[in-house]
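>>> got a sequence here, can you model it:
(2 chains)
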Amino acid sequence: MLDPYQLRADPEAVALALSARKFELDLTIYQALEARRKQLQASTQDLQAARNQRSKEIGAAKARGEDIAPLRAEVAGLGEQMKTSEQALEALQEEFESFALGLPNIPHHSVPRGQDERDNIEIRRWGTPREFSFPVRDHVDLGALHQAMDFEAAVTIASSRFSVLSGSFARLHRALIQFMLDTHTEAHGYREVYVPYLVNAKSLRGTGQLPKFKDDLFEIPRQELFLIPTAEVPVTNLARDVILNAEALPTRYVCHSPCFRSEAGSYGRDTRGMIRQHQFEKVELVQFSTPETSYAQLEELTAHAESILQRLELPYRTVALCTGDIGFSAAKTYDLEVWLPAQNAYREISSCSNFEDFQARRLKARWRNPKSGKVELIHTLNGSGVAVGRALVAVLENYQQADGGIEIPHVLRGYLSGQEHLAPP
RNA sequence: GGAGAGGUGGCAGAGUGGUCGAUUGCACCGGUCUUGAAAACCGGCAAGGAUUCAUCUCCUUCGAGGGUUCGAAUCCCUCCCUCUCCGCCA
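So this is what the prediction gives:
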């Protein structure tokens, strides 16, 4: 949610800033709503004040033992009038809220301007894609060869866009999770958390998935809960309705969780293999910070995610998303794209964002600023550190050998009883 | 699932229809005292919103929603959550 004061003070400037991300803020609608709100709120509060004052007079008169009947008659009509006004105001405020919830965040000034992903800017590249002396297999073929990846079984059990891993690949997948968690907790100073995978609508509204992106979620209507699309939701909601102490900031959380996405609207995209699944594992980094340090922390968080790819010795590049490609809630985002030899392309494996106070305003996530003594909104950040399924794909494809065997990255060997190599059966 | 108890400010905890937005304690901030600190004493200290250059003033909020009333933290109804006991269960 945007700062209502900023919106009120200079709606034209907000509209201009949002136009950079191809969002059209309808100033006519906004200003009409605002004018009605202002008028109705003032008149409602006047009625409430009159009611309160009269009631106090009745109380005082009664205490003096006077006859209160005439006073009561005087106030009689006030209540109905007030109630009508209050209801109208409430309806208007709901209308205003749904309007405000539909407004995306304002991009930070450092975000490159552009229309779509073609205008994203590559910040840096790490590693060199390997030259293969044999035809490369993609992870699906490698999975079949190792008898360790079964998409047909997943269709039988659930539907398309699910997968079954077994044997060495299931273990490699688990090893990646352990490696990422251990690295972030031991080398990067994150606190590991375990959280609910089902969350309520309030949590999703807080992080920005609701109301606008309901179709992307799996819903459990009976219990009014949703499967999490990312650990960002439960972990960021740790700060909901909380006033943090200044000493607690910055707060760094790391969380491994499954993620569930309906992938509505992506029919036909990435249908082969486990690149785009309804269910996948992710290790998520979440930080809470003061407004002063949030951009420094975005750089830090991004470096922590990059460190995973570096330790796995996977070539990747870091991309700054342009204004036209940035997500709804984010003020600035870096994507990490890992090299996939079978696709001959860099593919997204992590997305690291600073949301500034956009989520915090919805969450009422605040801190007490010792300088002002005031309660102020925190800034929230998160990033994948990194997507586990895609990391598995990247390891398999980058580390494959001519016979279809897989060399194990050095940092994972300790999690695999020291194995250096997975031979096909 | 059954029975009972309870949800009040950062925390603890009073308050059962009328200056209660809320006694008090702790924590926190400022001051006096002190070489310094502690103690003691004095003062301040909820959040959100409207209006305003700012102050003043006003409105809302005692788990959530609805109701009764001129007036609700307080009475009634529904829901949510927490705790205790029983049952069941990983």
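>>> burial of whichever residue of chain A sits closest to RNA strand B, as a residue count?
In chain A, no residue comes nearer to RNA strand B than residue A:59, which is 3.1 Å away by C-beta to the nearest atom of the strand. All C-beta spots, glycine's among them, are computed from the backbone N, C-alpha and C. By other C-beta atoms under 10 Å, the residues close to residue A:59 number 12.
>>> now do the SS call for it.
Under the three-state scheme (DSSP: H, G, I helix; E, B strand; the rest coil), residue A:59 adopts helix.
>>> quick one: pLDDT of it?
pLDDT, residue A:59: 85.
>>> got the residues of chain A near RNA strand B?
Within chain A, the residues that sit near RNA strand B (C-beta under 7 Å from any atom of the strand) are A:4, A:38, A:41-42, A:44-46, A:48-49, A:51-56, A:58-60, A:62-63, A:68, A:72, A:75-76, A:78-79, A:243, A:366, A:373-375.
>>> out of the residues you listed, list just those in helices.
Counted as lying in helices by DSSP state H, out of those, are A:4, A:38, A:41-42, A:44-46, A:48-49, A:51-56, A:58-60, A:62-63, A:72, A:75-76, A:78-79.
>>> report the residue ranges of every domain in chain A.
Per automatic domain parsing, the structural domains of chain A span A:26-101, A:117-422.
>>> so who does residue A:239 touch?
A:251, A:288, A:360, A:363, A:365, A:378, A:380 (C-beta atoms under 8 Å, 6 or more residues apart in numbering).
>>> quick one: name whatever helix or strand follows the helix or strand hosting the second one.
It stands for residue A:288. Using DSSP states H and E, residue A:288 sits in strand A:279-289. For strand A:279-289, the following helix or strand on the C-terminal side (DSSP H and E) is helix A:294-311.
>>> list the buried residues for the strand holding residue A:288?
A:279-289 (16 or more other C-beta atoms under 10 Å).
>>> what do you get for stretch A:188-197?
Burial within stretch A:188-197, assessed by neighbour count using 16+ other C-beta under 10 Å, is assigned to A:188, A:190, A:193, A:195, A:197.
>>> how about stretch A:357-374?
So for stretch A:357-374, counting by 16+ other C-beta under 10 Å, buried means A:357-363, A:365-367.
>>> okay, now that stretch: how far is its last residue from its first?
16 Å (C-alpha to C-alpha, to the nearest Å).
>>> about what we covered before: just the ones of the buried residues of stretch A:188-197 in helices?
Using DSSP H, none of those sit in helices.
>>> switch the residues you listed over to a markdown table; also include distance to residue A:103 and pLDDT.
A markdown table is the format used below for those (distance: C-beta to C-beta, whole Å; pLDDT from 0 to 100):
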| residue | distance to residue A:103 | pLDDT |
| --- | --- | --- |
| A:188 | 34 | 98 |
| A:190 | 32 | 96 |
| A:193 | 30 | 93 |
| A:195 | 28 | 91 |
| A:197 | 29 | 92 |
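>>> least confident of the domains of chain A, on average?
Of all the domains of chain A, the minimum mean pLDDT falls on domain A:26-101 (a mean of 86).
>>> and the residue nearest the centre of chain A, what is it in contact with?
With distances taken as C-alpha atoms, centre = their mean, residue A:232 lies nearest the centre of chain A, 5.0 Å away. Residue A:232 makes contacts with A:207, A:284, A:286, A:382, as judged by C-beta under 8 Å, 6+ apart.
>>> ok, the third one touching residue A:237?
No: checked against C-beta atoms under 8 Å, the pair residue A:286 and residue A:237 is beyond contact range at 9.9 Å.
>>> for residue A:191, which residues make a bridge with it?
Partner residues in beta bridges with residue A:191, using DSSP bridges, are residue A:253.
>>> of the buried residues of stretch A:357-374, closest to residue A:95?
Checking these against residue A:95 by C-beta to C-beta gives residue A:362 as the nearest, at 17.5 Å.
>>> how about the residue nearest to the centre of chain A: what's its closest non-neighbour residue?
Leaving aside its sequence neighbours, residue A:232 sits nearest to residue A:382 (C-beta to C-beta, 6 or more residues apart in numbering; 4.7 Å).
>>> what's across from the one you found in the sheet?
Residues in beta-bridge contact with residue A:382 (DSSP bridges): residue A:286, residue A:353.
>>> ok so, going back, okay, and which of the buried residues of stretch A:357-374 map to strands?
In this view, those that belong to strands under DSSP state E are A:366-367.
>>> still on that earlier bit, now, the most widely separated pair of the contacts of residue A:232?
Spanning the widest gap among the contacts of residue A:232 are A:207 and A:284, at 11.6 Å by C-beta to C-beta.
>>> what about the strands in the stretch 51-200 of chain A?
For the stretch 51-200 of chain A, strands defined by DSSP state E, counting those that start in this stretch occupy the ranges A:121-126, A:149-150, A:164-165, A:191-192, A:198-199.
>>> check the stretch 301-425 of chain A too.
A:316-320, A:332-340, A:345-354, A:366-368, A:375-377, A:379-387, A:406-407, A:421-422.
>>> can you tell me which of those strands is most buried?
Comparing these by mean neighbour count (mean count of other C-beta atoms under 10 Å), strand A:379-387 ranks first with a mean of 28.
>>> by contact count, what packs against that strand?
helix A:232-236, strand A:279-289, helix A:294-311, strand A:332-340, strand A:345-354, helix A:358-363 (3 or more C-beta pairs under 8 Å, 6 or more residues apart in numbering; DSSP states H and E).
>>> might one say that residue A:387 is in contact with residue A:338?
No: applying C-beta under 8 Å, one finds residue A:387 not in contact with residue A:338, separated by 9.1 Å.
>>> mutual contacts of those two, please.
With C-beta under 8 Å, 6+ apart as the test, residue A:387 and residue A:338 both reach residue A:349.
>>> which of the buried residues of stretch A:357-374 lies closest to residue A:271?
Using C-beta to C-beta, residue A:359 is the member of the buried residues of stretch A:357-374 that lies nearest residue A:271, at 32.4 Å.
>>> surely residue A:240 touches residue A:361?
No: Residue A:240 is beyond contact range of residue A:361, at 11.4 Å (criterion: C-beta under 8 Å).
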